[in-house]
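1. Below: sequence and its predicted model.
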Amino acid sequence: MPQPGGCRRRPGTLGPPVRSIRPFKSSEQYLEAMKEDLAEWLRDLYGLDIDAANFLQVLETGLVLCRHANAITEAALAFLTEAPARAQRIPLPRAGVSCNGAAQPGTFQARDNVSNFIQWCRKEMGIQEVVMFETEDLVRRKNVKNVVLCLLELGRRAWRFGVAAPTLVRLEEEIDEELRQELALSLPPPGPAGSEPRESLHVPSSVLHDQSV
């Protein structure tokens, strides 16, 4: 698996979420909060000098994106070895992504790195098109929202096999779990013996994911 400029360690586990979900007056404020959360997440994972202000500049060469893709793939392969039965129920990436470590902002090499990451997200992680972005969306800031949404969705999927997730993703999962518990408590008792079993009630996470920003 190609690892140029890659990370050789499995991303660690971040601490528990400490921030509450705050109301935002506009979609722009919410987008800025998501960028802040993702920047903090990447900073903690890889020791980067990144914040909401320079978030796009740090990512635009594709180096950090490719590094993260390769780290996720390493974690997935480790999970496959450690828990093969559970791994069969989770879509896992099996290949990493190649990366030009000398890429500079705005160059063809940078665009190629970003393009490689995008193709990896589609092929290896199965990220839905509705939250995918294109190379120019990041390099030329054409669609910052989808860059952010794609990274959040990647965080959700990679968390299933042990990669630390952004705070927003962990808060979503906590809310999902609380709702599942509340709904389970409110269900009527099972029917008499021999009756048809009730179907389990599933609350999809997409109900809680506001992508209107």
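-> Looks like it arrived, so ask away.

2. In contact with the residue sitting nearest the centre point of the chain, which residues are there?
-> Central residue of the chain (C-alpha atoms, centre = their mean): Gly155, 1.8 Å from the mean position. For Gly155, the contacting residues are 38, 41, 163, 165-166, 169, by C-beta atoms under 8 Å, 6 or more residues apart in numbering. In short, each C-beta sits where N, CA and C put it, glycine included.

3. Between the residues you listed, which sits nearest Val148?
-> Leu38 (6.5 Å; C-beta to C-beta).

4. number of nearby residues for the closest one?
-> Residues lying near Leu38 (other C-beta atoms under 10 Å) number 23.

5. and it, what does it touch?
-> 55, 148, 151-152, 155, 166.

6. cool, Ala103 as well?
-> With contacts defined as C-beta under 8 Å, 6+ apart, the neighbours of Ala103 are 61-63, 109-110, 112-113.

7. ok, which pair from the contacts of Gly155 is furthest apart?
-> Going by C-beta to C-beta, the pair spanning these furthest: Leu38 and Val163, at 13.7 Å.

8. on that earlier part again, the contacts of Gly155 in helices, which ones?
-> Taking DSSP state H, the ones among the contacts of Gly155 that sit in helices are 38, 41, 169.

9. From Glu28, how far off is the first one?
-> Per C-beta to C-beta, to the nearest Å, Leu38 is found 16 Å from Glu28.

10. Next: Thr73.
-> Counting by C-beta to C-beta, the gap from Thr73 to Glu28 is 34 Å.

11. the more surrounded of those two?
-> Between Thr73 and Glu28, Thr73 has the larger neighbour count (other C-beta under 10 Å), namely 24 against 11.

12. what element comes up after the helix or strand that contains the more buried one heading to the C-terminus?
-> Here Thr73, judged by DSSP states H and E, is contained in helix 63-82. The first helix or strand that comes after helix 63-82 along the chain, using DSSP H and E, is helix 84-87.

13. and that following helix, what other elements does it pack with?
-> helix 63-82 (3 or more C-beta pairs under 8 Å, 6 or more residues apart in numbering; DSSP states H and E).

14. Next, the residue nearest to the centre of the chain: phi, psi?
-> phi -60, psi -40 (degrees, to the nearest 10).

15. Distance check, it against Arg140.
-> On the measure of C-beta to C-beta, Gly155 and Arg140 end up 24 Å apart.

16. Kindly report the same for His68.
-> Computed as C-beta to C-beta, the His68 to Arg140 distance reads 21 Å.

17. who's more crowded, those two?
-> His68 (25 against 12).

18. Among the contacts of Ala103, which ones are in helices?
-> Of those, the ones assigned to helices by DSSP H are 63, 109-110, 112-113.

19. Who wins on neighbours among those residues?
-> In the ones in helices among the contacts of Ala103, the most neighbours by other C-beta under 10 Å go to Asn113, 27 neighbours.

20. Name the nearest residue to that one, ignoring sequence neighbours.
-> Gly62 (2.6 Å; C-beta to C-beta, 6 or more residues apart in numbering).

21. so how far is Tyr30 from the one you found?
-> 26 Å.

22. Just the pLDDT at Val169, thanks.
-> If you check Val169, the pLDDT there is 85.
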